[in-house]
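Q: give me coordinates for this.
(2 chains)
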Amino acid sequence: MKRVFFTAFLLLLSFATTTSAQTITVGFTVSRTGALNVDSLEQYRGFELWRDTVNAAGGIKAGGNSYKVQFTSYDDESNSKRVQQLYTRMILEDKADFLFSPYSSSLTATAAIVTEQYEKIMLTTGAAEEKTYKLGNQYLFQMFAPATQYLTAALDALKSKDPKATVAFVYEDASFSVAVVTPAKAYAQQLGFNVAFAEAYAPNTTDFSAIIDKVIASKATVLLGGGHYADGSTLARQLYGHKVPLKMVTLLVAPDSPQWSELGDAAVGVIVPSQWEPQSTFKAQYGPSGADFGKAYTAKYNAPPSYESAGGYASGLILQHAIEQAGGVDTAKVAAALNSTDLTTFYGRSKFSTVASEHGLQVGHTIFLAQWQNDKSGALVKQVVWPLAGKSADLKYPIR
Amino acid sequence: MSGILASMIDGLLIGSVYGLAAMGLSLIWGVMDVINLTHGSMIALGMFGMYLLFSATALNAYTLLLPLIAAGLILGTVVYWLAVNWVVGRSQLMSLLSTFAVNMVVIGLGTAIWSTSPYNVNFTVPGITVGEYTFTGNHICAAISAVVIALLLELFLYRTRAGKAIRAVADNRAAAELMGISSTRVLMVAFAIGIALAMASGALVSTLFPFTILSGAGYQLKSFVVTVLAGLGKPFGALIAGVLLGLLEGAVSPFIAVSWIPLIEFGLFVVVLIVFPRGIFGKATA
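A: Now for the predicted structure:
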């Protein structure tokens, strides 16, 4: 009898040591309230779907263990002071093993100070500004293609259609948009465009009348800029209301949201630089295909995914892959695995710079241009129009 | 048409809405000596009231102002009895704290119900195009509505017994009571009208710009500037000061970055406080 018990005990012990179910805690803040609410919630849904998918499959399997994923998460109110407090709390009190970034470059810059201080890995999504990755950080890994790429693609597309266009830049006075527009202005001049007007507006602007009057006075035929959802959607609506004769409008972030179609006629023709689109046809080496991701997302949230959602899910996938490669959750080993990551998922290629001066900067991922167009039935849909090799429709130029 | 003229017309149109927003604050401040910190949240409730009514009825948004003003009068009466009546005549700090508390409750409830996502009232009135510039129909209708409401308030204050009672209480509450005027009732009516004006201005703003439950704060700040420019307790002066503020915004914006405008506005605010401590219309109507 004793032998039977002993054998059973050994079996249980070996089972426990080979496939013991453990939990890893991933911490992040969500802007459930405040100006970044729309984009941040889209990103959160990506995290959530990844967690549920992983846990339904039994968790992350690494080093003979199986790790269920749990989240610790708070509302940052779109406020960097809250981010600082909450990332400290998640690390010290909630004992988060890994972190995802908040949404937006400015909030992420604040969170990165905390995560680096405590030597915690943070995958950043919804944070494209390069500056944060050029401060000597060791545990920060960027999922989005860097900000400099956002409008250069739009200018390349414009060059192919109208090399003599007159361009206006109207953009949010926030770290991300400034980081995008500053190099884009220089690139526009390099391409030979006449940059007739450039002005930043406060992030909480709702009345663009004065700026629109200046755009009209500048005789610009193309407008590039925007910032996030609240200001971008308002700017587009008012450009349409004031009947500004623009041939092309490219706005950051906002037009990627499925909510954009609610703008009706004001939405038509607007272009968004995008990190991912459902029409993307990357052959995934790891994780679900784009179609499977889109299907699962739509089934869960009754809405199509945006690139913020895809970025959120892909962050989880890349972390999962790194944990598997590292054979566990040891920070140094997972960081080393992330440093050597060069992986294509449904979201596209992900590879992080290991150059000391820009460690963690995304160097594998590239930007698309998507344009809102009416399909044959008259419904508003987003079409990939750039790069030409991946287009699902031709760029509509001029808009009207 | 020149860009400067177009910009000034835009400023004039939006300025009248600033003026209407400030009239409610000015009335309550002038009559009751209460700095109403629920003003911003009531403007936001006006925005959401318009959104809900418009979504439910799809009627012309500007006709929905009437039920919203009625709702504002009722809400103002409720808030008066709950939070204001107890602090009238006591130190201004008490009324600040009391109305601030109501403001926080409204913002908290509003955030729970509507979150802080932006909402829009999808109602469009065709605009007027002059040369390259188009003035949206919504701006024109909002400005006209604001002026009409302001004129009606002026008629009420100067052509009715109730209005006369409000002015009497504002001038000298003790003397008014000796004349048989119930100051409590008058204060309640003045507060209710102030809230109704705040909600009406919020409703008008909602037809122009997207909004969240937090959007009232910016208009509350502008209302303070306009009220001080006009002089306390000068509701019609507040309308004119609002229009002047809008014109100023329109006149300077072609020459400087728009983000500098608040600096100009608050600079003007300080200058007016120094040069006209009782407001631009303070002496003329005192």
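Q: gap between stretch B:172-181 and the chain center?
A: 28 Å (CA atoms, centre = their mean, to the nearest Å).
Q: hmm, who's touching it?
A: B:A165, B:A168, B:V169, B:S183, B:V186 (CB atoms under 8 Å, 6 or more residues apart in numbering or on different chains). Just so you know, the C-beta spots here come from the backbone N, C-alpha and C atoms, and that holds for glycine as well.
Q: in that stretch, what's buried?
A: Residues B:R173, B:A176, B:I181 are the ones in stretch B:172-181 that count as buried (16 or more other CB atoms under 10 Å in any protein chain shown).
Q: for stretch A:390-400, same thing?
A: A:G390, A:K391, A:S392, A:L395, A:K396, A:Y397, A:I399.
Q: circling back: using ChimeraX, define a selection of the buried residues within the contacts of stretch B:172-181.
A: Command for ChimeraX that selects the buried part of the contacts of stretch B:172-181, burial taken from 16+ other CB under 10 Å:
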select /B:165,168,169,183,186
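Q: now, which of the contacts of stretch B:172-181 lie close to chain A?
A: Among those, not one lies near chain A by CB under 8 Å from any CB of the partner chain.
Q: tell me which stretches of chain B form strands.
A: B:128-130, B:133-135 (DSSP state E).
Q: which one of the ones you listed lies closest to chain A?
A: strand B:133-135 (4.4 Å; CB to the nearest CB).
Q: packing partners for the closest one?
A: helix B:3-32, strand B:128-130 (3 or more CB pairs under 8 Å, 6 or more residues apart in numbering or on different chains; DSSP states H and E).
Q: export these to CSV and tack on mean neighbour count?
A: Listed next are these as CSV, based on neighbours: other CB atoms under 10 Å in any protein chain shown:
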stretch, mean neighbour count
helix B:3-32, 27
strand B:128-130, 12
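Q: so which of the strands of chain B is nearest A:Q371?
A: Evaluated over those, closeness to A:Q371 peaks at strand B:133-135, with 23.9 Å, by CB to CB.
Q: list the pairing partners of the closest one within its sheet, with orientation.
A: The pairing partners recorded for strand B:133-135 under DSSP bridges are strand B:128-130 (antiparallel).
Q: which residues touch the strand it pairs with?
A: A:K243, B:M1, B:A6, B:T134, B:F135, B:G137, B:I140.
Q: what about A:S160, how many residues nearby?
A: 12 (other CB atoms under 10 Å in any protein chain shown).
Q: typo on my end, it should be B:L155
A: 11.
Q: excluding chain neighbours, what is closest to it?
A: Among residues not flanking B:L155 along the chain, B:G163 sits closest, at 7.9 Å (CB to CB, 6 or more residues apart in numbering or on different chains).
Q: right, is stretch A:227-247 up against chain B?
A: Yes. Judged by CB under 8 Å from any CB, stretch A:227-247 and chain B are in contact via A:Y229, A:A230, A:S233, A:T234, A:R237, A:G241, A:H242, A:K243, A:P245.
Q: give the ChimeraX command for selecting the buried subset of these.
A: A single ChimeraX command selects the buried members of the residues of stretch A:227-247 next to chain B (16+ other CB under 10 Å):
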select /A:229,230,233,234,237,241,242,243
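Q: let me have the residues of stretch A:227-247 next to chain B in TSV, extended by secondary structure and pLDDT.
A: Compiled in TSV, those are given as follows (DSSP: H, G, I helix; E, B strand; the rest coil; pLDDT from 0 to 100):
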residue	secondary structure	pLDDT
A:Y229	helix	85
A:A230	helix	83
A:S233	helix	91
A:T234	helix	91
A:R237	helix	91
A:G241	helix	91
A:H242	coil	92
A:K243	coil	92
A:P245	coil	92
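Q: got a markdown table for the residues of stretch A:227-247 next to chain B, with distance to B:P235 too?
A: Below are the residues of stretch A:227-247 next to chain B laid out as a markdown table (distance: CB to CB, whole Å):
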| residue | distance to B:P235 |
| --- | --- |
| A:Y229 | 37 |
| A:A230 | 32 |
| A:S233 | 35 |
| A:T234 | 30 |
| A:R237 | 32 |
| A:G241 | 30 |
| A:H242 | 32 |
| A:K243 | 36 |
| A:P245 | 41 |
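Q: now the helices for the stretch 151-286 of chain B?
A: Taking DSSP state H, counting those that start in this stretch, the helices of the stretch 151-286 of chain B run over residues B:161-171, B:173-178, B:183-206, B:216-230, B:235-252, B:261-275.
Q: can you lay out those as JSON lines showing mean pLDDT and distance to A:G327?
A: Output for these, formatted as JSON lines (pLDDT from 0 to 100; distance: least, CB to CB, whole Å):
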{"stretch": "helix B:161-171", "mean pLDDT": "88", "distance to A:G327": "78"}
{"stretch": "helix B:173-178", "mean pLDDT": "86", "distance to A:G327": "80"}
{"stretch": "helix B:183-206", "mean pLDDT": "94", "distance to A:G327": "57"}
{"stretch": "helix B:216-230", "mean pLDDT": "89", "distance to A:G327": "52"}
{"stretch": "helix B:235-252", "mean pLDDT": "89", "distance to A:G327": "62"}
{"stretch": "helix B:261-275", "mean pLDDT": "86", "distance to A:G327": "56"}
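Q: next, format the helices and strands packed on strand B:133-135 as CSV and append mean pLDDT.
A: Below are the helices and strands packed on strand B:133-135 laid out as CSV (pLDDT from 0 to 100):
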stretch, mean pLDDT
helix B:3-32, 90
strand B:128-130, 91
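Q: distance to A:Y150 added to these, as TSV?
A: Listed next are the helices and strands packed on strand B:133-135 as TSV, based on distance: least, CB to CB, whole Å:
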stretch	distance to A:Y150
helix B:3-32	29
strand B:128-130	33
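Q: any idea which of these gets closest to A:M143?
A: The nearest among those, by CB to CB, is helix B:3-32 at 40.9 Å.
Q: chain B against chain A: which residues are in contact?
A: So chain B meets chain A at B:3, B:6-7, B:10-11, B:14, B:111, B:115-118, B:120, B:122, B:124, B:127, B:129, B:132-134, B:136, B:138-139, B:208-212, B:214-215, B:218, B:249-250, B:253-254, B:257-259, B:261 (CB under 8 Å from any CB).
Q: try 6 Å
A: B:3, B:6-7, B:10, B:111, B:116-118, B:132, B:134, B:136, B:209-210, B:253, B:257-259 (CB under 6 Å from any CB of the partner chain).
Q: give me the buried subset of the residues you listed.
A: Of the residues of chain B next to chain A, these count as buried by 16+ other CB under 10 Å: B:3, B:6-7, B:10, B:111, B:116-118, B:132, B:134, B:136, B:209-210, B:253, B:257-258.
Q: quick revisit: want to throw the strands of chain B into CSV with distance to A:A356?
A: Output for these, formatted as CSV (distance: least, CB to CB, whole Å):
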stretch, distance to A:A356
strand B:128-130, 57
strand B:133-135, 53
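Q: looking at those strands, which is nearest to A:A35?
A: Comparing these by CB to CB, strand B:133-135 comes nearest, at 27.8 Å.
Q: contacts for the closest one, please.
A: A:H242, A:K243, B:M1, B:A6, B:G127, B:I128 (CB atoms under 6 Å, 6 or more residues apart in numbering or on different chains).
Q: tell me the gap between it and the middle of its chain.
A: The answer for strand B:133-135 is 26 Å, by CA atoms, centre = their mean.
Q: same check on stretch A:34-52?
A: 10 Å.
Q: ok, and what's touching that stretch?
A: Here stretch A:34-52 has contacts from A:30-31, A:69, A:77-78, A:103-104, A:126, A:228-230, A:257, A:297, A:300-301, A:306, A:308-309, A:312-313, A:316, B:116-117, using CB under 6 Å, 6+ apart.
Q: and the pLDDT for B:M42?
A: With respect to pLDDT, B:M42 scores 97.
Q: around it, how many other residues sit close by?
A: Neighbour tally, B:M42, other CB under 10 Å: 32.
Q: grab the nearest non-local neighbour of it.
A: Nearest one to B:M42, counting by CB to CB, 6+ apart, is B:A198 at 4.0 Å.
Q: let's verify the nearest residue to A:P255 once chain neighbours are set aside: helix, strand, or coil?
A: Among residues not flanking A:P255 along the chain, A:V272 sits closest, at 3.8 Å (CB to CB, 6+ apart). Under DSSP: H, G, I helix; E, B strand; the rest coil, the three-state class of A:V272 is strand.
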